[in-house]
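A.B. asks: Provided below are the primary sequence and the corresponding predicted coordinates.
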Amino acid sequence: MDYSVIGANIKRRRKDFGLTQGVLAKEIGLSTVFISQIENGVRKPSLETLVKIAGVLNVSVDLLLTPTENNESQALIKEVVSILQKRRLEQIELFFDVVKQINNYLVAQDIDS
């Protein structure tokens, strides 16, 4: 297991939320130094600590464990789903039509490349 990946994922998500290491540390009952060490891959967080961090950062533990690109993709997909869950069916259908048009455009661009 690559603890530097875990630390980088935690750091990125923490910053996305606008949290400092100190705020995250306080939320889960650890020291700021310990959070810094986790983010830098120096210390290995326990499963319990990862669960607490994931809870504060509103992500699943698996997103903290996976490499960056997949993590970012999954986080964006979850955000889109969260947005759509608050919309009426007609609005979701409109959104889907727009996404299909953008996808068609991107596919056409890929062919021309």
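C.D. replies: Yep, that arrived.

A.B. asks: hey, let's count contacts and neighbours off CA atoms from now on
C.D. replies: OK.

A.B. asks: shaky segments in this protein?
C.D. replies: 68-72, 74-75, 112-113 (pLDDT under 70).

A.B. asks: how is it divided into domains?
C.D. replies: The chain is divided into the following domains under automatic domain parsing: 3-66, 71-112.

A.B. asks: okay if I get those as TSV plus mean neighbour count?
C.D. replies: Formatted as TSV, the domains of the chain follow (neighbours: other Cα atoms under 10 Å):
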stretch	mean neighbour count
domain 3-66	17
domain 71-112	12
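
A.B. asks: any idea which helix is longest in this protein?
C.D. replies: Taking DSSP state H as the assignment, the helix of the chain that covers the most residues is helix 89-112.

A.B. asks: secondary structure class for L76?
C.D. replies: helix (DSSP: H, G, I helix; E, B strand; the rest coil).

A.B. asks: contacting residues around it?
C.D. replies: Neighbour list for L76: empty [criterion: Cα atoms under 8 Å, 6 or more residues apart in numbering].

A.B. asks: ok, it to I83 distance?
C.D. replies: 11 Å (Cα to Cα, to the nearest Å).

A.B. asks: repeat that for I28.
C.D. replies: 28 Å.

A.B. asks: one more: Y105?
C.D. replies: 23 Å.

A.B. asks: likewise N103?
C.D. replies: N103 is 19 Å from I83, by Cα to Cα.

A.B. asks: okay, helices next: where are they in this structure?
C.D. replies: Going by DSSP H, the chain shows helices at 3-16, 21-28, 32-39, 47-57, 61-65, 68-84, 89-112.
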